[in-house]
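Undergrad: pasting a predicted model and its sequence here:
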Amino acid sequence: MSGPGGSAPARSGSDGHARGTARVLRVAGPLVEIVCPASVAMHDLVVLGPDRLPGEVVAIGGDTATVQAYEYTGGLAPGHPAEPQGRPLSVCLAPDLLGGVFDGLLRPLDGVGDLLLTTGPDSAPQRHTWPFAPGVFEGGQVAAGDVLGEIGASVSLRLLVPADLTGEVSRIAAAGEYSSDAVLAVVGGHEVRMAQSWPVRKPRPVSRRLPADVPLNTGQRAVDLLFPVARGSTVAVPGGFGTGKTMLLQQIAKWCDADVIVYVGCGERGNEMADVIEELAELTDPRTGGRLADRTVTIANTSNMPMMAREASVHTGATVAEYFRDMGLDVVLIADSTSRWAEALREFASRMGELPAEEGYPAGLASQLAAFYERAAAVRTLAGATGSVTVIGAVSPPGGDRTEPVTAHTERFVRCLWNLDRDLAYARHYPAVSWTDSFSRDAATLAAAHTRAGAPEWTERRGRVARLLAEADRLADLVELVGITALPPRERMSVLAGRLLREALIQQSALSPADAYSAPEKTAALVEAVLTVVDRCLELADSGARPEDVEAVDFTPLLRARETAGPTETAPVAAGRDSVLARLKEAAA
């Protein structure tokens, strides 16, 4: 049974020994064997040695326990003290997380530039003061998950009754500014603070799961049009080195319409994480006018940090995402990349002496991946609000081999796949999302959502774009063999249609202020403009116009419309379409 705030109560040893009598028996890299006369349980937190290195119990045998250390164990020696904490590995959840940069155990990093780790097992975000407005009266009865008051921040936050607490409100703080560790309420005799502890491996409870049927707008046309994702759904982004995974995920973090972004840099290069943090700090949030970083939580567990903390980082990220979800917010959890996380699982399994499965990964890899993606959901919270966690995980298959275990298992569990194509990436086509190898199982559900929103044409236009791209790809191989002039006029127009769709619609510039983000209205205008021009080209071919005359038309106004129009503008797109239609009319004369 958990105590108030979600943390498990400390357990006392059944044999009467104090926790301090535990000692280190053997050190093998991040695995530490301890002699532990006090009772311990799986996944309990243990503090090791004079430097108080945090670790987690991963195996128990008699009076010995094996502990997975989450920091470098250099200097730790047999005989050093070990202190079981009697509770699972937990993190401190508070409004202070917003705008912060943390390690895999949710401890603040000393410096963004240096990415230095703090020491000690306890996660303690830097304390700020937050405006609080009470929402209940003293003497009232509340249940788990009920709202006790509103917290002023860059997004609307709430003070909730802990998930394992119910009773009478004997005290509620007056409106004012408070730090996150201040007691704001007393419920059923237990103090309630903004900051609450929760075990990272335990999903937070909800009233019920809901159908994921509301689109998450990412601002990336290739995704929003062809392979859309619903709020509360799951996405995998596999791609080899240099295909633009990190760039795509950064763009989604910057521009998607979620309330909170949790960005987990899991085993990525430190310079890439530094770039992410720097850019988020410089970007203006279109919702609030403040910094985009103020509604982002960054968990940076880079490749030069302890590998075992990487294994915990994705669970930490999921717990943070669920904390904000329970307040009725839509959260996007980005994990870059799950392959590095799986490598940590493989190293851990090897050190534990487990029998290896495919390519040395543990036999439980599939279940571990499934458990992670299972934490994504659209839910009805305990307070009756709706919230969601959308999980987007990058996958880095060695050599681009999609049959390797991490990629193959991940594809089984996700609702959407945005496969990044090496040829598109090397042709400087961004985003390099392959329209032949990607899929979205949410598309049918989201088509109904678009219809309800007054855009019934979305489904038909999406289908047409997909068919035209597939036809152009089919003809591309034939063109390489016999040349474009050997094709019939209509098929030559299909090749032209594929080029127009790729360059005027699907392609996007992450560096252009006008084109880095594409609002739904701009995307719809570009789709309509390109399809109108394609239809006109097909009509000319059917009416006997020479294909070379149509191909010779200058399509530049249409091709440049995506950059001449601002992120939400549609008028320049219509002007580019009309200009090209006029030129086609002249070519047909």
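TA: Arrived safely, thanks for sending. Small disclaimer: the values here were computed from a predicted structure and weren't measured.
Undergrad: isn't there a strand covering residue 150?
TA: Yes - assessed with DSSP: H, G, I helix; E, B strand; the rest coil, residue 150 lies in a strand.
Undergrad: doesn't residue 475 belong to a strand?
TA: No - residue state for residue 475 (three-state DSSP) corresponds to helix; a strand is not indicated.
Undergrad: which residues does it contact?
TA: Taking CB atoms under 8 Å, 6 or more residues apart in numbering, we find residue 475 in contact with 487, 491, 494, 495, 498. C-beta: built from backbone N, CA, C; applies to glycine.
Undergrad: near the third one, how many other residues are there?
TA: Counted with other CB atoms under 10 Å, residues neighbouring residue 494 total 22.
Undergrad: assign it to helix, strand or coil.
TA: Residue 494 falls in the helix class when you classify it by three-state DSSP.
Undergrad: for it, report the pLDDT, please.
TA: The pLDDT attached to residue 494 in the predicted structure is 95.
Undergrad: and what of the first one?
TA: For residue 487, the pLDDT comes out at 93.
Undergrad: what is the burial count for it?
TA: Using other CB under 10 Å, residue 487 has 17 other residues around it.
Undergrad: closest to residue 569 among the contacts of residue 475?
TA: residue 498 (25.8 Å; CB to CB).
Undergrad: over to that closest one: give its phi and psi.
TA: phi -60, psi -40 (degrees, to the nearest 10).
Undergrad: need phi/psi at the spatially closest residue to it that is not a sequence neighbour.
TA: Once flanking residues are discounted, residue 498 sits nearest to residue 472: 2.3 Å by CB to CB, 6 or more residues apart in numbering. The phi/psi pair for residue 472 (degrees, to the nearest 10) reads phi -60, psi -40.
Undergrad: residues touching residue 472, list them.
TA: Contacts for residue 472 (CB under 8 Å, 6+ apart) come out as 494, 495, 497, 498, 499, 501.
Undergrad: include distance to residue 259 when you put the residues you listed into JSON lines, please.
TA: As requested, the contacts of residue 472 are exported to JSON lines (distance: CB to CB, whole Å):
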{"residue": "494", "distance to residue 259": "42"}
{"residue": "495", "distance to residue 259": "43"}
{"residue": "497", "distance to residue 259": "39"}
{"residue": "498", "distance to residue 259": "38"}
{"residue": "499", "distance to residue 259": "39"}
{"residue": "501", "distance to residue 259": "33"}
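Undergrad: which ChimeraX command selects the buried ones in the residues you listed?
TA: Here is the ChimeraX selection string for the buried members of these, based on 16 or more other CB atoms under 10 Å:
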select :494,495,497,498,501
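Undergrad: now, which of the contacts of residue 472 sits nearest residue 427?
TA: Within those, proximity to residue 427 (CB to CB) peaks at residue 499, which comes in at 12.3 Å.
Undergrad: next structured bit after the strand or helix carrying residue 133?
TA: Taking DSSP states H and E as the criterion, the element that holds residue 133 is strand 129-134. The first helix or strand that comes after strand 129-134 along the chain, using DSSP H and E, is strand 141-142.
Undergrad: quick check: mean pLDDT across stretch 345-364?
TA: Taken as a whole, stretch 345-364 carries a mean pLDDT of 89.
Undergrad: now it, how far from the chain's geometric center?
TA: In terms of CA atoms, centre = their mean, to the nearest Å, the centre of stretch 345-364 is found 26 Å from the chain centre.
Undergrad: by contact count, what packs against the lowest-mean-pLDDT helix or strand in the chain?
TA: Across the helices and strands of the chain, the lowest-confidence element by mean pLDDT, DSSP states H and E is helix 270-282, at a mean of 79. Applying 3 or more CB pairs under 8 Å, 6 or more residues apart in numbering; DSSP states H and E, we find helix 270-282 packed against helix 245-255, strand 260-266, strand 296-301.
Undergrad: packing partners of the longest one?
TA: Translated: helix 245-255. The helices and strands touching helix 245-255, judged by 3+ CB pairs under 8 Å, 6+ apart, are strand 234-238, strand 260-266, helix 270-282, strand 330-336, strand 386-395.
Undergrad: let's see 10 Å
TA: The helices and strands touching helix 245-255, judged by 3 or more CB pairs under 10 Å, 6 or more residues apart in numbering; DSSP states H and E, are strand 234-238, strand 260-266, helix 270-282, strand 296-301, strand 330-336, strand 386-395.
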